[in-house]
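Trainee: can't give you the sequence, but here's the structure:
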């Protein structure tokens, strides 16, 4: 009997519950990742364990309570739904599970349970369309740390990014077409932020700012997070027949200055001050709706927009477990399969 091909979908993670203790435990694991906060070990431990987590956990717990449902955290149930649908379309020759890089279901424990299962191939698929060391890189490193200890190591395949795949772009095109663009004064493509030093480290020589990343992909910046985000926005704008003045690219969820600009919250404020009343906001870095889309964009940006004279911030739903996304992942997996 031939061995099955194992597929592991990996998303970022979420606390086990919205209780402060569980949120603190999640933040502790997440922020102590050296690829997330890339500073010397001792300084990171002091910063995270004694400054960030004690003060941030209670505040974050209140926000998680707002997104928590009977099914749990949105990132969990959307990823679970995606996994179940992918199982159905791939069939019995594939073993499909999902895991979270931080907390549960644990990436490390899931892979440890696969040792000795005689899978002929393992495909690790981080659910982050644009490569970043703090997301895709961290997942791949953690997976390799587990698998390298096995006596029998099967064929391995890692998906490092898929921002330019047709199914990904088509999926957001379909979500966008559910809205009447003529009703909105401006379109914002808001991507998760990163420290500038993270994108600068992509380049052997020079910095991100030296590579014209705002105009999309070239030979030098194919793994630059900023460049791939702009490329996504450019490609989606073409599909929606938007002019350059019709849309803006921004980066959200920053933890201070020194992060990739422009900042989405400042764009929102500026547009409101200039008289915009209705905004349509895409967040294509997230394939599953989560705290950053539902709360940060749907609630916090709405409040910010109203505060400065705007009326409506409309969030475009993420891909979640849409048929286009499911069948696109299926085809990508089949192409990588032995």
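Mentor: Noted; the coordinates are in hand. Just so it is clear, the model here is predicted, and its values are computed rather than measured.
Trainee: Could you list the residues in contact with the longest helix along the chain?
Mentor: Assignment by DSSP state H gives helix 74-90 as the longest helix of the chain. With C-beta atoms under 8 Å, 6 or more residues apart in numbering as the contact definition, helix 74-90 has outside contacts at 7, 9, 11-14, 67, 69, 71, 94, 96-98, 100, 127, 288-291, 294, 318, 320-321, 325-327, 329-330, 333. Quick note: C-beta positions are derived from backbone N, CA and C, even for glycine.
Trainee: With stretch 286-305 instead?
Mentor: Applying C-beta under 8 Å, 6+ apart, the set of residues contacting stretch 286-305 from outside is 11-12, 14, 63-64, 66-67, 73-75, 78-79, 82, 127-129, 168, 190, 192, 252-253, 264-265, 268-269, 271-272, 279, 281, 283, 311-313, 315, 317-320, 325.
Trainee: out of these, which are buried?
Mentor: Neighbour-count burial (16 or more other C-beta atoms under 10 Å) is assigned, among these, to 11-12, 14, 63-64, 67, 73-75, 78-79, 82, 127-129, 168, 190, 192, 252-253, 264-265, 268-269, 271-272, 279, 281, 283, 313, 315, 317-320, 325.
Trainee: can you list the weak-confidence ranges in the stretch 101-250 of the chain?
Mentor: For the stretch 101-250 of the chain, no stretch is flagged by pLDDT under 70.
Trainee: What are the boundaries of the helices in it?
Mentor: In the stretch 101-250 of the chain, the segments counted as helices under DSSP state H, counting those that start in this stretch are 107-114, 138-147, 166-176, 196-200, 225-239.
Trainee: Could you report the neighbour count for residue 333?
Mentor: 21 (other C-beta atoms under 10 Å).
Trainee: list the contacts for residue 324?
Mentor: With contacts defined as C-beta under 8 Å, 6+ apart, the neighbours of residue 324 are 167, 170, 171, 174.
Trainee: Test my guess that the second one contacts residue 328.
Mentor: Yes: applying C-beta atoms under 8 Å as the test, residue 170 and residue 328 come out as touching, 7.5 Å apart.
Trainee: more neighbours, those two?
Mentor: residue 328 (20 against 16).
Trainee: For whatever helix or strand the more buried one lives in, what is the distance to the chain centroid?
Mentor: Applying DSSP states H and E as the criterion places residue 328 in helix 323-336. Using C-alpha atoms, centre = their mean, to the nearest Å, the distance from the centre of helix 323-336 to the centre of the chain it belongs to is 18 Å.
Trainee: do stretch 172-190 as well
Mentor: A distance of 20 Å separates the centroid of the chain from that of stretch 172-190, by C-alpha atoms, centre = their mean.
Trainee: Any buried residues in it, and which?
Mentor: Within stretch 172-190, judged by 16+ other C-beta under 10 Å, the buried ones are 172-176, 179, 184-190.
Trainee: Figure out the length between the terminal residues of it.
Mentor: 13 Å (C-alpha to C-alpha, to the nearest Å).
Trainee: re earlier: report the angle between the axes of the longest helix of the chain and helix 323-336?
Mentor: Interaxial angle, helix 74-90 versus helix 323-336 (axes from the mean of the first three to the mean of the last three C-alpha atoms, to 10 degrees): 60 degrees.
Trainee: so how far is helix 74-90 off the chain centroid?
Mentor: How far helix 74-90 lies from its chain's middle: 16 Å, per C-alpha atoms, centre = their mean.
Trainee: what do you get for stretch 65-76?
Mentor: Averaging C-alpha coordinates over stretch 65-76 and over its chain gives two centres that are 17 Å apart (C-alpha atoms, centre = their mean).
Trainee: mean confidence for that stretch?
Mentor: The average pLDDT within stretch 65-76 is 96.
Trainee: so which of the helices of the stretch 101-250 of the chain is the most packed in?
Mentor: Using mean count of other C-beta atoms under 10 Å, the stretch among these with the greatest mean number of neighbours is helix 225-239 (a mean of 22).
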